[in-house]
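Q: sequence first, then the predicted structure:
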Amino acid sequence: MKREGIITRLGAIRGAKVVQLALKAKFFPFFFIPPPPWFHKYFITLRYLYPDIYATMKIIDAHSHLWLRQDTTWNGQKISPLPNGRSMFLGEEVQMLPPFMIDGKNTAEVFISNMNYAQVSAAVVVQEFIDGQQNDYLDIVRRQYHDRFFVCGMADYLTPGFFSEAEQLIESGFPGMAIPGHRIITDRKRVMLNSDEMMRMFHLMEDRGIILSITLADGDIQVGEMREVIEECPRLKVAVGHFGMPTVEGWHEQLKLALYENVILESGGITWLYNSEFYPYPTAVKVIREAIDTVGADKVMWGSDYPRTITAITYKMSYDFILKTTELTDEEKTLFLGENARRFYGFDELLDIPRVKNMSE
């Protein structure tokens with residue numbers, strides 16, 4: 001991958017087939033002029049000249065959501081569907097889904113259609129209290145689309161005795177468990193991540209090889225608890241979501257959790273964190289660059305937080321700003337956009353999804 005990045009127009013016009021042979025042979029003929037260090041800032045990448053050359057890159061979304069009906073309460077407030085993709089959310093009417101999803105359903109089939117269009121091979125489906133528990137629906141999704149989705153179960157962690165529910169979900173075949181850590185702190189109670197019942201669940205997950213997908217409260221509020229979990233269950237694989245909330249002071253403490261051997265960071269929601277600056281999210285790219293420099297390129301993954309993020313942008317836009325940036329190397333892009341997730345979650349035989357030309361092209 002180190003030599004696959006940028007080439008001159010002179011080399012490009014020789015044709016994609018010659019380029020592919022050269023890359024495979026790790027040999028560049030005389031007509032490939034080595035570009036100077038500043039070259040990539042002024043010319044287009046090989047990916048956009050000949051996308052088929054990069055067909056081996058498999059893109060995996062490490063943070064997404066699905067639901068049949070979003071009808072629940074959290075912290076004493078209601079979340080319920082409204083017409084035209086809107087929801088009543090904690091006392092406020094919001095556009096929860098794109099307006100063409102008029103029935104309030106966020107189904108696997110619609111997501112797969114978006115994935116196919118954006119050439120995303122697979123996705124990790126997590127859960128959130130604000131969507132309600134979706135275990136029954138996601139169990140169907142897990143069985144029906146096992147080649148496209150890694151699906152996490154979610155217990156009612158706010159209710160004592162949740163260990164039995166978690167154990168049943170694991171026994172039923174869920175390969176991961178999701179914890180919206182920022183939602184287990186409410187106005188009336190706080191469930192500690194290092195509580196006896198949580199630790200009992202984490203030990204079970206470690207023993208069974210179940211992956212933990214967790215989002216933490218802002219800053220370092222839960223980092224100390226999380227460190228205790230990681231150190232007591234060193235074989236437990238942990239994906240920390242929302243990229244550690246880099247727009248909040250103290251996010252570096254969440255980032256540094258990825259220095260532990262079996263902990264990785266995923267960027268679900270990073271486009272809404274930087275929604276105010278909007279596409280192509282230059283500050284988000286700088287944060288990703290900083291994370292790679294701090295914990296390593298093999299410890300970060302792309303996540304979209306579909307479908308909430310695509311009320312503002314298209315699904316493809318939630319990752320193609322990474323492809324277009326010059327701040328990351330081609331190898332780092334490959335790791336971030338899919339290879340790290342493939343290894344971490346154990347995806348096998350990922351689909352090759354061809355690009356289909358838009359009618360407007």
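A: Nice, I can see it.

Q: can you give me the distance of the most centrally placed residue in the chain to G173?
A: In the chain, the centroid-proximal residue (C-alpha atoms, centre = their mean) is G303; its distance is 1.8 Å. Distance, G303 to G173, by C-beta to C-beta, to the nearest Å: 23 Å. The C-beta positions use only the backbone N, C-alpha and C, and glycine is treated the same way.

Q: and stretch 329-337, how far out from the chain's middle?
A: Stretch 329-337 has its C-alpha centroid displaced from the chain centroid by 14 Å (C-alpha atoms, centre = their mean, to the nearest Å).

Q: can you list the weak-confidence ranges in this protein?
A: Applying pLDDT under 70 to the chain flags residues 1-56.

Q: follow-up on the earlier one: for the residue nearest to the centre of the chain, phi and psi?
A: Per-residue torsions, G303: phi -140, psi 150 (degrees, to the nearest 10).

Q: residue contacts, it?
A: Neighbouring residues of G303 by C-beta atoms under 8 Å, 6 or more residues apart in numbering: 61-64, 124, 241, 266-270.

Q: dump those into TSV; add distance to F100 and neighbour count as well.
A: Formatted as TSV, these follow (distance: C-beta to C-beta, whole Å; neighbours: other C-beta atoms under 10 Å):
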residue	distance to F100	neighbour count
D61	20	30
A62	25	29
H63	22	28
S64	18	24
V124	24	28
G241	27	29
E266	27	30
S267	26	28
G268	23	30
G269	22	22
I270	24	29
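
Q: from those, which ones fall inside strands?
A: Among the contacts of G303, the ones falling in strands (DSSP state E) are 61-64, 124, 266.

Q: may I see these organised as a markdown table, with distance to M226 added?
A: Converted to a markdown table, the ones in strands among the contacts of G303 look like this (distance: C-beta to C-beta, whole Å):
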| residue | distance to M226 |
| --- | --- |
| D61 | 23 |
| A62 | 18 |
| H63 | 17 |
| S64 | 22 |
| V124 | 19 |
| E266 | 15 |
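
Q: nearest to N358, out of those: which one, please.
A: In terms of C-beta to C-beta, no member of those lies closer to N358 than D61, at 21.1 Å.

Q: quick check: bridge partners of that closest one?
A: A123 (DSSP bridges).

Q: could you check how far it is from G268?
A: 8 Å.

Q: what of T72?
A: Relative to G268, T72 is positioned 20 Å away (C-beta to C-beta).

Q: same question for V126.
A: 8 Å.

Q: how many residues are close by the closest residue to M57 other than its chain neighbours?
A: Using C-beta to C-beta, 6 or more residues apart in numbering and skipping residues adjacent in sequence, the residue nearest M57 is T334, 5.6 Å away. Using other C-beta atoms under 10 Å, T334 has 20 neighbouring residues.

Q: could you check how far T334 is from E171?
A: Separation of T334 from E171 (C-beta to C-beta): 36 Å.

Q: same check, this time on T309
A: T309 sits 33 Å away from E171, taking C-beta to C-beta as the criterion.

Q: ok, the two, which is more surrounded?
A: More crowded of T309 and E171, by other C-beta under 10 Å: T309, with 23 against 9.

Q: contacting residues for the more buried one?
A: By C-beta under 8 Å, 6+ apart, the contact list for T309 reads 269, 271-272, 318.

Q: that one belongs to a helix, doesn't it?
A: Yes: under DSSP: H, G, I helix; E, B strand; the rest coil, T309 sits within a helix.

Q: now K324. Nearest residue, chain neighbours left out?
A: Excluding the flanking residues, the one nearest K324 by C-beta to C-beta, 6+ apart is P280, at 6.3 Å.

Q: so which residues of the stretch 1-150 of the chain form strands?
A: Under the criterion DSSP state E, counting those that start in this stretch, strands of the stretch 1-150 of the chain are mapped to 59-64, 72-74, 77-81, 86-89, 92-95, 120-125, 149-153.

Q: and the ones you listed as TSV, adding distance to F111?
A: TSV is the format used below for the strands of the stretch 1-150 of the chain (distance: least, C-beta to C-beta, whole Å):
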stretch	distance to F111
strand 59-64	7
strand 72-74	20
strand 77-81	17
strand 86-89	18
strand 92-95	18
strand 120-125	7
strand 149-153	9
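
Q: what about the ones you listed, which gets the closest to T294?
A: strand 59-64 (18.5 Å).

Q: now for that closest one, which elements pack on it?
A: Counting contacts by 3 or more C-beta pairs under 8 Å, 6 or more residues apart in numbering; DSSP states H and E, strand 59-64 packs against helix 108-118, strand 120-125, helix 340-345.

Q: next one: that strand to chain centre, how far?
A: On the basis of C-alpha atoms, centre = their mean, strand 59-64 sits 4 Å off its chain's mean C-alpha point.

Q: now stretch 289-301
A: The chain centre lies 14 Å from the centre of stretch 289-301; the measure is C-alpha atoms, centre = their mean.

Q: tell me which residues of that stretch come out buried.
A: Neighbour-count burial for stretch 289-301 flags 291-292, 295, 297-301 (criterion: 16 or more other C-beta atoms under 10 Å).

Q: and of those residues, the nearest to M115?
A: M115 lies nearest to M301 out of the buried residues of stretch 289-301, by C-beta to C-beta, at 15.9 Å.
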